[in-house]
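J.: turn this into a structure:
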Amino acid sequence: MRVLIVEDNRELAQLIAKRLDQSGFESDRVDTADLARQAVETVDYAALVLDLGLPDGDGLSFLRWLRQQGKALPVLIASARNGLEDRVSGLRQGADDYLAKPFSVDELIARLHALMRRPRKMLGNVLSAGNVVIDSDKHQVNVGDRVLPMRLRETALLDLLIRHKNRVVPRRYVEDQLFGIDGDQDSNAIEVYIHRVRRQLLDAQATVKVHNVRGVGYMLFEDKNPANMN
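T.: Just a heads-up that it's a prediction; the model follows:
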């Protein structure tokens, strides 16, 4: 899962990103509201950490815009504004939690975990296609009754494809979701992950397949004749 950090204090943003990485999350960092808008329009983040005092405006304006776009990702405000009115205003504008600076990064991570455990209308925690089931909270993949051991990024790729099953997912979109807005992956990294996921599904006798749409992207669909999958 990927978290967006909107924070203009570079040292603090780097510290949060480091601790997120140690907790099993990936992250992107931006330092303005404009860059935050661009980021959330490109990547489907699992959560967002938002500072309010940004160089190009108030973080609350960005938060209002985010909710107006219908984006339901959890937002944790982390701000030096620690008055009661500030906290109430942030929550009323659409934040899910509010943490006043200075704060413990351990507490911030714990709160993010708690927010992402809450049920959300727009994003299910359990996905399925054919005989494949993914529990996004546990990062667990099952094929039938068998647990399929997959690396985190391979699980994220399969999660993405299942969410868009029977539809072509553009290659660029897949790259943005897996590697973030500043991804420095090799040009063939996506093909490597696609190959691994396809091979694992075949070996586990999954009833879904991943198809390459040349020059466009990838599509996951259920095989109506699984006997021919080997």
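J.: once you drop chain neighbours, what's closest to residue 169?
T.: The spatial neighbour of residue 169 that comes closest, neighbours along the chain excluded (Cβ to Cβ, 6 or more residues apart in numbering), is residue 217 at 4.9 Å. Bear in mind the C-beta positions are built from the backbone N, C-alpha and C, glycine included.
J.: can you report phi and psi for the one you found?
T.: Dihedral angles of residue 217 (phi, psi; degrees, to the nearest 10) stand at phi 170, psi -140.
J.: quick check, it in contact with residue 171.
T.: Yes. Counting by Cβ atoms under 8 Å, residue 171 is a contact partner of residue 217 at 4.5 Å.
J.: the domain parsing of the protein - what is it?
T.: Per the record, the chain has its domains at 2-117, 126-228, by automatic domain parsing.
J.: of the ones you listed, which shows the lowest average pLDDT?
T.: Ranked by mean pLDDT, the domains of the chain bottom out at domain 126-228, which scores a mean of 86.
J.: which residues does residue 76 contact?
T.: Listed by Cβ atoms under 8 Å, 6 or more residues apart in numbering, the contact set of residue 76 reads 47-50, 95-99, 108, 111-112, 115.
J.: let me see the ranges of the strands in the protein.
T.: In the chain, the segments counted as strands under DSSP state E are 2-6, 26-30, 47-50, 53-54, 57-58, 75-79, 97-100, 126-129, 132-135, 140-143, 146-148, 169-170, 208-213, 217-222.
J.: dump those to JSON lines, plus distance to residue 13.
T.: Below are the strands of the chain laid out as JSON lines (distance: least, Cβ to Cβ, whole Å):
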{"stretch": "strand 2-6", "distance to residue 13": "5"}
{"stretch": "strand 26-30", "distance to residue 13": "5"}
{"stretch": "strand 47-50", "distance to residue 13": "9"}
{"stretch": "strand 53-54", "distance to residue 13": "12"}
{"stretch": "strand 57-58", "distance to residue 13": "18"}
{"stretch": "strand 75-79", "distance to residue 13": "10"}
{"stretch": "strand 97-100", "distance to residue 13": "15"}
{"stretch": "strand 126-129", "distance to residue 13": "31"}
{"stretch": "strand 132-135", "distance to residue 13": "30"}
{"stretch": "strand 140-143", "distance to residue 13": "31"}
{"stretch": "strand 146-148", "distance to residue 13": "35"}
{"stretch": "strand 169-170", "distance to residue 13": "29"}
{"stretch": "strand 208-213", "distance to residue 13": "35"}
{"stretch": "strand 217-222", "distance to residue 13": "31"}
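J.: closest to residue 200 out of those?
T.: The closest of the strands of the chain to residue 200 is strand 146-148. By Cβ to Cβ, the value is 6.2 Å.
J.: helices or strands up against that closest one?
T.: strand 140-143 (3 or more Cβ pairs under 8 Å, 6 or more residues apart in numbering; DSSP states H and E).
J.: one step back: more neighbours: which of residue 217 and residue 171?
T.: Using other Cβ atoms under 10 Å as the criterion, residue 217 and residue 171 rank with residue 217 on top: 21 against 17.
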